[in-house]
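Colleague: What follows is a predicted protein model with its sequence.
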Amino acid sequence: QIGAETQCGQPICCRSESGKGRPGYQAGAFGDHRCDASPLLLRSMVSAIKNLSVNPDFVINTGDDPAHDVWSQTPELNLKSVKQVADTLLEFGF
């Protein structure tokens, strides 16, 4: 969540539940190193890889796709996260 607190005292922050971030502790559009990767960061990364002068033969996704808010996870939400990552990779031709 853009503008969310990055140091909320919980195992994971940068979410709407984290509240508005204090100055210097607000998640940006690409997230923050203290938070899960944002969908925008994923798209930017895959786009940058696609534009490299080399063309990878394959991409390995380790499957660490769902957010790390384990208290909110369900099998359905986990599958949705994996599908979003897979769909992004496919969209860019990987």
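Modeller: Received the coordinates, thanks.
Colleague: from here on, contacts and neighbour counts on C-alpha atoms
Modeller: Will do.
Colleague: Residue 15: how many residues sit nearby?
Modeller: Residue 15 has 21 neighbours, counted by other C-alpha atoms under 10 Å.
Colleague: again, but for residue 62
Modeller: Neighbour count of residue 62, defined by other C-alpha under 10 Å: 6.
Colleague: tell me which element residue 90 is part of?
Modeller: helix 75-91 (DSSP states H and E).
Colleague: ok, and for that helix, which residues are buried?
Modeller: Neighbour counts over helix 75-91 (16 or more other C-alpha atoms under 10 Å) mark 78, 81-82, 85, 88-89 as buried.
Colleague: Could you pull up the mean pLDDT of it?
Modeller: Taken as a whole, helix 75-91 has a mean pLDDT of 94.
Colleague: And it, how far out from the chain middle?
Modeller: The chain centroid and the centroid of helix 75-91 are separated by 11 Å under C-alpha atoms, centre = their mean, to the nearest Å.
Colleague: Show residues contacting that helix.
Modeller: 42-43, 46, 63, 65-67 (C-alpha atoms under 8 Å, 6 or more residues apart in numbering).
Colleague: Out of the buried residues of helix 75-91, give me the two with the largest separation.
Modeller: Greatest spacing in those, by C-alpha to C-alpha: 78 and 89 (17.0 Å).
Colleague: how about the helices of the protein, start to end?
Modeller: For the chain, helices defined by DSSP state H occupy the ranges 39-50, 75-91.
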